[in-house]
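In: here is the input, now give the coordinates:
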Amino acid sequence: MKFDYYIFVDYSENFFGYMIMDALKINDFIPKISKFAHYKELKYKSSYLHSIKKLIKESNIQKEIFKIKIKEVRETPEIYADLVEFIKIHDNCLIFFSVDDKQYSNFERLVKNLDGENNKVVRESELKKGSKEYKLSLVIDTLLNIERLKNGKKD
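Out: Presented below is the predicted three-dimensional model:
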C-alpha cells in the first residue's frame, strides 16, 4: 500500500506529540536522520542529545516535517483534535499511523470511526527495525526526549 502521509504519535513521560510527514519528502529526509537512535537503548544519552540537537539545527530538520506538535500530557485532547481534523481534511488520502503502544487501542478506535479504510494504524513496537517507518519514528521520539529534558525531567 502506498501512503500519502505518515503520522507518528508518541509519548515520553509528561509529553505527548505527533509528527506528520508527506510521503513525497521521505526519501530526501531519511538520509538527514541517519544518526537518530532510540533514546532508551542508548548508553550515552546526554552526548547523543547534545550532538543530535546540533544536527537538528544545522540540517534544519524541522523544516522538512509537514507538521509537528509536542504538548504536555494534560493537553492530549489538543493533539487528538489536530489529528482528527487532519484525517477529515485528508479523507481522500492514504495515511499510515505509528502510535505509541500505550495510546494504540484508543487511537485505533478513533481512526477506524473516522475513516478506517484509508488508514493503517500500527503499534510503535511493531515497526520493523531499520525500516523507513522505524527511522521516522525515531525523530519524534528524540524530539520528545529533548523537550522533556529541556523542561527539567531527568531519566
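In: residues near Glu85, how many?
Out: 10 (other Cβ atoms under 10 Å). Where C-beta positions appear, they are placed from N, C-alpha and C, glycine not excepted.
In: just confirm it is within a helix.
Out: Yes - in this structure, Glu85 lies within a helix as judged by DSSP: H, G, I helix; E, B strand; the rest coil.
In: for this protein, just list every one of the helices.
Out: All helices of the chain, identified by DSSP state H, fall at 26-29, 45-59, 61-64, 76-89, 104-115, 132-150.
In: helices and strands of the protein: which one has the lowest mean pLDDT?
Out: Within the chain, judged by mean pLDDT, DSSP states H and E, the helix or strand with the poorest mean is helix 104-115; its value is a mean of 84.
In: just put the helices of the chain in JSON lines and tack on distance to Tyr6.
Out: Formatted as JSON lines, the entries for the helices of the chain read as follows, by distance: least, Cβ to Cβ, whole Å:
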{"stretch": "helix 26-29", "distance to Tyr6": "7"}
{"stretch": "helix 45-59", "distance to Tyr6": "19"}
{"stretch": "helix 61-64", "distance to Tyr6": "13"}
{"stretch": "helix 76-89", "distance to Tyr6": "12"}
{"stretch": "helix 104-115", "distance to Tyr6": "14"}
{"stretch": "helix 132-150", "distance to Tyr6": "6"}
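In: quick one: closest of the ones you listed to Lys2.
Out: Each of the helices of the chain was checked against Lys2 via Cβ to Cβ, and the shortest separation belongs to helix 26-29, namely 11.4 Å.
In: so, low pLDDT: which residues of this structure?
Out: Low-confidence segments of the chain, defined by pLDDT under 70: 116, 153-155.
In: Ile56 is in contact with Gln62, isn't it?
Out: Yes - the pair Ile56 / Gln62 is scored as a contact, 6.8 Å apart, by Cβ atoms under 8 Å.
In: could you check which of the two is surrounded by more residues?
Out: With other Cβ under 10 Å as the criterion, Ile56 and Gln62 differ in neighbour count, and Ile56 comes out ahead with 18 against 12.
In: OK, contacts around the more buried one?
Out: Gln62, Leu143 (Cβ atoms under 8 Å, 6 or more residues apart in numbering).
In: begin at 42 from here
Out: In the new numbering, first residue 42, that becomes Ile97.
In: returning to what we had before: list the buried residues in the least confident helix or strand of the chain.
Out: Tyr145, Phe148, Glu149, Leu151, Val152 (16 or more other Cβ atoms under 10 Å).
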